[in-house]
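In: Based on what follows, work out the 3D shape:
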Amino acid sequence: MAKATTKPITDRNFEATLWAAADKLRGTLDAAEYKHVVLGLIFLKYISDAFEERRAELDRLSRDENSDLYVPDATQRERLLEDKDEYASVNVFWVPPKARWSELQDNAKKPHIAAVIDSAMDAIERANPRLRGVLPSEYARRNVAADKLGELIDLVASIPLGDRNARARDVLGNVYQYFLGKFAAAEGKLGGEFFTPTCVVRLLVRMLEPYKGRVFDPCCGSGGMFVQSERFVEEHQGRIGDISIFGQESNPTTWKLAHMNLAIRGIEAHLGQKWADSFLDDQPKDLKADSILANPPFNVSDWSGHLLRDDPRWQYGIPSLGNANYAWIQHFLYHLAPSGTACFVMANGSLSSNQSGEGDIRKNIIEADLVNCIVALPGQLFSTSPIPVCLWFLTRNKGERRPRNGVPGFHDRRGQTLFIDARKMGVLISRVLRELREDDELDEIGEIADTYHAWGNQGDKYQDKAGFCKSATLEEIRRHNWMLTPGRYVGAAEAEDNSEGFEERLRSLTAELEQQFAESARLEKAIRANLGAVRRNNG
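Out: All right, here's what the predicted structure looks like:
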């Protein structure tokens with residue numbers, strides 16, 4: 001059967017076009033099931049394209065007499081093209097013949113296409129130990145109609161690759177990330193287990209700026225923090241090899257999603273030998289990270305705390321059995337290098353709770369001078385949770401010199417904490433969902449990040465701004481009973497200066513209103529005159 005030909009989608013917002021088309025094919029499957037069907041095919045498309053690109057390169061080099069890979073004999077050339085080592089050497093997955101995208105498209109309209117996909121996934125896992133146990137399978141079991149699977153294959157084939165290499169990877173990666181977000185929204189609360197809103201991740205990364213060292217996320221979900229970290233390094237002309245990525249995830253399905261999401265981007269990461277609970281099976285037990293980025297599950301009550309009462313991670317107090325928030329916070333601190341910074345999303349209750357010893361733990365962390373910055377975020381950022389959230393930034397040594405972007409800059413902030421109240425920021429992108437903007441017209445993410453960096457690196461350029469930011473001393477925090485709610489510190493925004501007196505203002509408004517009344521009377525008179533002329537002409 002000839003390959004199906006599908007015209008590539010070239011619209012700038014083609015991710016939305018792809019999603020709308022893919023969603024129509026969902027049928028009776030719920031989002032949680034359909035997620036594996038779609039994302040598995042996108043991944044298969046990526047590794048097959050990367051394989052074919054490397055294969056074409058090897059073919060060209062094998063025919064070039066000036067190349068080290070020149071092979072004059074056709075049989076030997078074919079052996080070179082099928083040599084797994086030639087693909088592994090450039091970090092390209094080996095794709096067996098029956099798993100290549102062309103094979104899927106040749107069978108896209110056949111009744112047994114689900115079995116063909118299952119066979120392809122199995123063959124790829126056997127050929128690539130790194131992917132063993134990672135890829136979605138059981139397409140035949142999911143009961144997707146063969147014609148819809150065929151249409152989905154044609155749809156994925158329409159992803160515009162443009163230029164090859166990084167461009168192709170970026171397009172496919174963007175599609176993958178977009179679909180992850182849409183599936184999280186479609187799944188509701190459960191989707192939050194694997195997806196953090198991109199604008200929140202972008203804000204964390206722009207504030208942390210992980211240029212070098214070990215980056216760790218012990219509740220990594222689908223790996224969004226890692227994707228944005230590597231993107232940040234690339235955007236600022238850094239070297240990707242300067243950061244090493246470590247992660248852990250307890251949900252087996254999400255752990256697999258993370259592997260695929262990172263592989264799509266060509267990102268090397270250490271996510272443990274298997275999925276595992278960070279509290280009960282702390283896999284990178286001896287890791288001390290330079291940067292920690294995380295969005296742990298909020299207010300989890302059943303976290304097996306009763307099995308960990310004497311755990312060495314609880315350096316600032318034993319966390320509540322009924323809420324894991326302060327277990328997560330101390331887990332981050334335990335894995336933080338002496339000069340490292342941890343930034344993470346947390347429920348607002350963590351800022352002021354005094355239940356079950358949480359106030360004492362927070363007090364101990366504050367008195368150890370570890371709290372660098374707290375950011376209150378606007379509501380409605382998370383489609384999967386209505387809980388108001390904040391960002392914590394914990395730093396081991398506020399007095400350590402930390403050049404930014406390679407440029408010397410430093411302000412000793414020992415004994416101080418920056419509070420930022422961003423609750424009034426954000427733009428509604430739907431009736432129930434808000435987003436922090438980051439573009440030429442409105443860069444809210446940049447405003448928050450720049451305020452943080454001015455405070456930490458350019459103290460002479462930082463100024464408190466009523467209603468938005470405040471640099472508070474440890475003594476001020478003590479006066480507030482060690483509560484960290486930014487609104488307590490930043491105060492109210494300054495009222496707009498209105499030097500015009502009340503009487504003067506009233507006269508001005510009255511005169512303006514009289515003008516509008518007069519204009520209204522004039523327009524009414526003109527309209528009546530026109531209506532009269534129409535009646536006379538038709539009479």
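In: and residue 420, which of the three is it?
Out: Following DSSP: H, G, I helix; E, B strand; the rest coil, residue 420 is assigned to strand.
In: could you list every residue that touches it?
Out: Contact analysis of residue 420 by C-beta atoms under 8 Å, 6 or more residues apart in numbering lists 373-376, 448, 451-452, 468-469, 486, 490. (Each C-beta comes from the backbone N, C-alpha and C, glycine too.)
In: Please apply the same query to residue 381.
Out: Residue 381 touches 197, 199-200, 389, 426, 433-436, counting by C-beta under 8 Å, 6+ apart.
In: Pull out the buried residues from these.
Out: Buried subset of the contacts of residue 381 (neighbour count, 16 or more other C-beta atoms under 10 Å): 197, 199-200, 389, 426, 434-436.
In: How far away from the center of its chain is the host helix or strand of residue 147?
Out: Element membership of residue 147 [criterion: DSSP states H and E] is helix 146-157. Relative to the centre of its chain, helix 146-157 is centred 28 Å away, using C-alpha atoms, centre = their mean, to the nearest Å.
In: Let me see the backbone angles for the nearest residue to residue 413 once chain neighbours are set aside.
Out: Closest residue to residue 413 apart from its sequence neighbours, by C-beta to C-beta, 6 or more residues apart in numbering: residue 398 at 4.6 Å. Dihedral angles of residue 398 (phi, psi; degrees, to the nearest 10) stand at phi -70, psi -20.
In: What is the neighbour count of residue 398?
Out: By the criterion of other C-beta atoms under 10 Å, residue 398 has 19 neighbours.
In: residues touching residue 287, list them.
Out: 214, 216, 246, 335.
In: Make JSON lines from those and add distance to residue 117 to it.
Out: As requested, these are exported to JSON lines (distance: C-beta to C-beta, whole Å):
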{"residue": "214", "distance to residue 117": "37"}
{"residue": "216", "distance to residue 117": "35"}
{"residue": "246", "distance to residue 117": "32"}
{"residue": "335", "distance to residue 117": "39"}
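In: Tell me how many other residues surround residue 525.
Out: Using other C-beta under 10 Å, residue 525 is surrounded by 10 other residues.
In: What of the one 4 residues further on?
Out: Using other C-beta under 10 Å, residue 529 has 10 neighbouring residues.
In: which SS state does it fall under?
Out: Put simply, residue 529 is helix when judged by three-state DSSP.
In: what comes up buried for stretch 420-428?
Out: 420-423, 425-426.
In: do the same with stretch 362-369
Out: Within stretch 362-369, the residues that qualify as buried are 362-363, 365-366, 369, counting by 16+ other C-beta under 10 Å.
In: And those, which two are furthest apart?
Out: 362 and 369 (13.2 Å; C-beta to C-beta).
In: Contacts only, for the residue nearest to residue 464 when sequence neighbours are not counted.
Out: Sequence neighbours aside, residue 470 is the residue nearest to residue 464 in space, at 5.0 Å (criterion: C-beta to C-beta, 6+ apart). Taking C-beta under 8 Å, 6+ apart as the criterion, residue 470 is in contact with 418-419, 464, 486, 489-491.
In: How is this structure divided into domains?
Out: Annotated domains of the chain cover 14-186, 194-299+326-354+363-490 [automatic domain parsing].
In: Helix or strand: which one has residue 393?
Out: Remark: residue 393 resides in strand 389-395, with elements defined by DSSP H and E.
In: Direction included, what does that strand pair up with?
Out: Here strand 389-395 has these sheet partners by DSSP bridges: strand 336-347 (antiparallel), strand 371-376 (antiparallel).
In: Can you give me every residue that contacts the residue lying closest to residue 323 once chain neighbours are set aside?
Out: Leaving aside its sequence neighbours, residue 323 sits nearest to residue 299 (C-beta to C-beta, 6+ apart; 5.6 Å). Residue 299 is in contact with 323-325, 347, 349, 387, counting by C-beta under 8 Å, 6+ apart.
In: Of those residues, keep whichever come out buried.
Out: Among the contacts of residue 299, those classed as buried by neighbour count (16+ other C-beta under 10 Å) are 323-325, 347, 349.
In: Skipping adjacent residues, who's closest to residue 452 in space?
Out: Nearest residue to residue 452, sequence neighbours excluded (C-beta to C-beta, 6+ apart): residue 207, at 5.0 Å.
In: thought that neighbour was touching residue 343?
Out: Yes. Counting by C-beta atoms under 8 Å, residue 343 is a contact partner of residue 207 at 6.4 Å.
In: give me the number of residues near the residue lying closest to residue 344 once chain neighbours are set aside?
Out: Among residues not flanking residue 344 along the chain, residue 294 sits closest, at 4.2 Å (C-beta to C-beta, 6+ apart). Using other C-beta under 10 Å, residue 294 has 25 neighbouring residues.
In: Same question for the one 3 residues further on.
Out: By other C-beta under 10 Å, 17 other residues sit near residue 297.
In: where's it relative to residue 121, distance?
Out: For residue 297, the distance to residue 121 equals 29 Å [C-beta to C-beta, to the nearest Å].
In: just residue 196 next, same as before
Out: 27 Å.
In: ditto for residue 66
Out: Applying C-beta to C-beta, one obtains 40 Å for the distance of residue 66 from residue 121.
In: Surely residue 491 touches residue 466?
Out: Yes. Using C-beta under 8 Å, residue 491 is in contact with residue 466, at 5.2 Å.
In: ok, the residue nearest to residue 145 when sequence neighbours are not counted - how many residues close by?
Out: Leaving aside its sequence neighbours, residue 145 sits nearest to residue 27 (C-beta to C-beta, 6+ apart; 6.6 Å). When neighbours are counted by other C-beta under 10 Å, residue 27 registers 10.
In: got the contact list for residue 27?
Out: 144-145, 148.
In: As a check, name the ranges of all helices in the stretch 51-200 of the chain.
Out: With DSSP state H, counting those that start in this stretch, the ranges of helices along the stretch 51-200 of the chain come out as 74-81, 84-88, 101-106, 113-127, 146-157, 166-187, 198-208.
In: From the contact counts, what lies against the third one?
Out: For helix 101-106, the elements it packs on are helix 31-63, helix 113-127, helix 146-157, judged by 3 or more C-beta pairs under 8 Å, 6 or more residues apart in numbering; DSSP states H and E.
In: just to revisit the earlier point, ranking the helices of the stretch 51-200 of the chain by mean neighbour count, which comes first?
Out: Of the helices of the stretch 51-200 of the chain, the one with the most neighbours on average (mean count of other C-beta atoms under 10 Å) is helix 198-208, at a mean of 22.
In: Run the chain-centre distance for stretch 341-358.
Out: Computed by C-alpha atoms, centre = their mean, the chain-centroid distance of stretch 341-358 equals 21 Å.
In: quick one: buried residues of it?
Out: Those would be 341-353, 356, 358, for stretch 341-358 by 16+ other C-beta under 10 Å.
In: farthest pair in these?
Out: Taking C-beta to C-beta, the two most distant members of those are 341 and 356; they sit 27.5 Å apart.
In: which regions of the stretch 401-539 of the chain lie under the pLDDT threshold?
Out: Along the stretch 401-539 of the chain, the parts satisfying pLDDT under 70 run over 401-410, 458-459, 494-516, 518-519, 522-523, 526, 533-534, 538-539.
In: need the strands for it, in chain order.
Out: Counting by DSSP state E, counting those that start in this stretch, one finds strands in the stretch 401-539 of the chain at the ranges 416-421, 427-428, 434-435, 469-473.
In: Looking at these, which is nearest to residue 221?
Out: With C-beta to C-beta, the closest approach to residue 221 among those belongs to strand 434-435: 18.8 Å.
In: who are the neighbours in contact with residue 444?
Out: Neighbouring residues of residue 444 by C-beta under 8 Å, 6+ apart: 422, 425-426, 436-438.
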